[in-house]
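Enquirer: Curious how this folds, go ahead:
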Amino acid sequence: VSDWSSDVCSSDLWYLQVVKNEEFLAAAEKQRTRLLRRLAPRGEIIDAKERVLATSRPNFVISVVPDEIQKYPGVLERLTQLLHLDPQQVANQLEVGKKTPADPIPLLEDADITTLSMVEEALPDLPGVFIATAPKRYYKDETMLSHVLGVVSPISREKLAKLLEKGYRPGDYVGTMGLEARYEEDLRGEDGGQYVAVDAKGHLKRTLDERKPTPGHTLQLTIDSDLQKVAHEALQEQLSRGRTGAVVALDPNDGAVLALATTPTFDANHFREDFSKLNSDPLAPLYSRATQTARSCGSPFKLITALAGLETKQLSTGSGDYCPGFIKLGNRTFRCDKRAGHGHLGFYDAIAASCDVFFYHAGMNVGIDELAQWAKRFGLGSKTEIDLLPKFESSGLVPTPEWKKKRFKKVKNPWVEGDVVNLAIGQGYLTATPLQLAVFVSALANGGEVLRPQLVREIRDVSQEKPKVVRRLEKSVRMNVGMKPEHQRAVIEGMRR
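Expert: Purely as a prediction, here's the structure:
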């Protein structure tokens, strides 16, 4: 009996392994499973009054799965022709996804209804091709806050290699400018997924299981859209006359940025399409005049000269001077802005009238060492550490004899008294960004605290029914000027007159 049963079992096993093998393989092939990622929407960005500035909208995407389409060489060529895509661009996109061949790679985003219908109809003959919806970044006002909010772009091959372990995949978007880049980890949500059954050609048959994506954290900014709009429109009016510029408004109590506008600007919703044109524009609209452009700051620096004069006892509130409209140093003439001169004037009047001659003399009396030191105490010559990526901020320059000696190596004794005169009125080699000037004036106003300007008021986790505050703005003091209160009050009194 045992021999007979053994023969039967062997026969059945041979039948299953050999005779039915192709049938089982075919059935298994027809019912494979695949994990399809469901991209998480990026966190919203809202202003100080809870108004939405950046959000996500639905987006129809046509994607391919590399390890599926490689089995059917003609599919990619047909899809490329069907969608009127550049074959080289498609090849580049597939190259990015080489390390994750099982993950869909988007070839066309924002597909319109005509294209969707055409592809849907052809899907039976396009194995490995998927149509899905994915969230796409959308900015409510395309230009008003572009440099602050920034943009997102498809992840590059180099960046993907670094972020692969963090769950990033080909076709993902990452922040590349502004807050989008600085707060990438907060804004990026947690992707969900669908386990689906697919047939031999990779076509979706049914959903087996699903995990919903978790949206990224919400950023509430310190910026007031109303104030930002006023600044933006004022700059646009100047731009119509061919002038570029920036406006910065800070709260001197905690460093909160209330407005940060720059012109020219760009349309954040069409950044990718417009990039070549923007990048070649002679007005450099991708450049933030508020944080990246360092220029001679002019008359605001006279406040530092005045304060340095008081602190070093080279000036007092009773000091007076006579302005004939110019001074002479050697064979050079340094003129006052008022060519006819201001005549006799005192400390407060000199600040109110912004008299160049008064501050020429004050700067020479204070000297370059003290003048440069007080400028640096107010944060000039170093980055403000605003919550943007460091590469989007300029340090500016506070010139010194040591700096000029390195800069002009072939010149013997390059530093001259005229350099001090120029520095005293904010000219010459001195450069500062509008943001640095706002930080310096805030420090003068608040009693000497050089604050780190901050754009984000709080970060919220909105994944649960009740939002939870993850982080909240706290005042951050970079340094203290160390000025005497009576000297601060004297300079501010001159500003009021």
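Enquirer: avg pLDDT for stretch 84-103?
Expert: If you average the pLDDT over stretch 84-103, you get 84.
Enquirer: for stretch 451-459, same thing?
Expert: 98.
Enquirer: buried set for it?
Expert: Neighbour-count burial for stretch 451-459 flags 451-457, 459 (criterion: 16 or more other C-beta atoms under 10 Å). Placement of C-beta: from N, CA and C, glycine included.
Enquirer: Among those residues, which one lies nearest to residue 198?
Expert: Comparing the buried residues of stretch 451-459 against residue 198 with C-beta to C-beta places residue 459 closest, at 38.9 Å.
Enquirer: A strand includes the closest one, no?
Expert: Yes: judged by DSSP: H, G, I helix; E, B strand; the rest coil, residue 459 forms part of a strand.
Enquirer: separation between it and residue 446?
Expert: Counting by C-beta to C-beta, to the nearest Å, the gap from residue 459 to residue 446 is 25 Å.
Enquirer: same deal with residue 344?
Expert: 34 Å.
Enquirer: just residue 150 next, same as before
Expert: 29 Å.
Enquirer: what about those two, which has more around it?
Expert: residue 150 (26 against 19; other C-beta atoms under 10 Å).
Enquirer: now stretch 231-242: how far from the chain's centre is it?
Expert: Relative to the centre of its chain, stretch 231-242 is centred 22 Å away, using C-alpha atoms, centre = their mean, to the nearest Å.
Enquirer: repeat for stretch 233-248
Expert: Put simply, stretch 233-248 sits 21 Å off its chain's centre (C-alpha atoms, centre = their mean).
Enquirer: Go ahead and name everything in contact with that stretch.
Expert: With contact meaning C-beta atoms under 8 Å, 6 or more residues apart in numbering, stretch 233-248 is reached by 231, 257, 259-264, 283, 288-290, 293, 434-435, 437-438.
Enquirer: Give the buried residues for it.
Expert: Buried-residue list, stretch 233-248, by 16+ other C-beta under 10 Å: 235, 239, 244-248.
Enquirer: Please apply the same query to stretch 476-493.
Expert: Counting neighbours by 16+ other C-beta under 10 Å, the buried set in stretch 476-493 is 478, 481, 483, 487-488, 490-491.
Enquirer: From one end of that stretch to the other, what's the distance?
Expert: 27 Å (C-alpha to C-alpha, to the nearest Å).
Enquirer: Phi and psi next, for the spatially most central residue of the chain.
Expert: In the chain, the residue lying closest to the centroid (C-alpha atoms, centre = their mean) is residue 178, at 1.0 Å. Torsion angles at residue 178 (phi, psi; degrees, to the nearest 10) stand at phi 60, psi -150.
Enquirer: ok, it - contacts?
Expert: For residue 178, counting by C-beta under 8 Å, 6+ apart, the contacting residues are 146-151, 388, 392.
Enquirer: And residue 179, by the same measure?
Expert: Residues in contact with residue 179, defined by C-beta under 8 Å, 6+ apart, are 45, 148-150, 187, 219, 221, 387-388, 455-456.
Enquirer: can you tell me how far it sits from residue 319?
Expert: In terms of C-beta to C-beta, residue 179 sits 46 Å off from residue 319.
Enquirer: and if you look at residue 483?
Expert: 17 Å.
Enquirer: just residue 495 next, same as before
Expert: From residue 495 across to residue 319, the span is 17 Å (C-beta to C-beta).
Enquirer: So those two - more neighbours on which side?
Expert: More crowded of residue 495 and residue 319, by other C-beta under 10 Å: residue 319, with 19 against 15.
Enquirer: List the contacts of that one.
Expert: 309, 346-347.
Enquirer: Just the ones of these in helices?
Expert: Judged by DSSP state H, helices contain the following of the contacts of residue 319: 309, 347.
Enquirer: Of the contacts of residue 319 - the most surrounded one?
Expert: residue 309 (27 neighbours).
Enquirer: I'd like the distance from the longest helix seen in the chain to the chain centre, please.
Expert: Longest helix in the chain, counting residues (DSSP H): helix 225-239. Helix 225-239 sits 20 Å away from the centroid of its parent chain (C-alpha atoms, centre = their mean).
Enquirer: part of a helix, is residue 58?
Expert: No: using three-state DSSP, the assignment for residue 58 is strand, not a helix.
Enquirer: Grab the nearest non-local neighbour of it.
Expert: Excluding the flanking residues, the one nearest residue 58 by C-beta to C-beta, 6 or more residues apart in numbering is residue 133, at 5.3 Å.
Enquirer: Can you report how many residues neighbour the one you found?
Expert: 11.
Enquirer: In three-state terms, label it for me.
Expert: strand.
Enquirer: So what pairs up with it in the strands?
Expert: residue 60 (DSSP bridges).
Enquirer: got the contact list for residue 425?
Expert: 298-299, 301-302, 305, 356, 359-360, 363.
Enquirer: Could you export those residues as JSON lines, including pLDDT, secondary structure and distance to residue 79?
Expert: Formatted as JSON lines, the contacts of residue 425 follow (pLDDT from 0 to 100; DSSP: H, G, I helix; E, B strand; the rest coil; distance: C-beta to C-beta, whole Å):
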{"residue": "298", "pLDDT": "94", "secondary structure": "coil", "distance to residue 79": "59"}
{"residue": "299", "pLDDT": "96", "secondary structure": "helix", "distance to residue 79": "63"}
{"residue": "301", "pLDDT": "98", "secondary structure": "helix", "distance to residue 79": "61"}
{"residue": "302", "pLDDT": "98", "secondary structure": "helix", "distance to residue 79": "66"}
{"residue": "305", "pLDDT": "98", "secondary structure": "helix", "distance to residue 79": "68"}
{"residue": "356", "pLDDT": "98", "secondary structure": "helix", "distance to residue 79": "69"}
{"residue": "359", "pLDDT": "98", "secondary structure": "helix", "distance to residue 79": "70"}
{"residue": "360", "pLDDT": "98", "secondary structure": "helix", "distance to residue 79": "72"}
{"residue": "363", "pLDDT": "97", "secondary structure": "helix", "distance to residue 79": "70"}
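Enquirer: Buried by neighbour count, from those: which ones?
Expert: Buried among these (16+ other C-beta under 10 Å): 301-302, 305, 356, 359-360, 363.
Enquirer: Can you tell me which of those residues is nearest residue 104?
Expert: Nearest member of these to residue 104, counting by C-beta to C-beta, is residue 301, at 56.6 Å.
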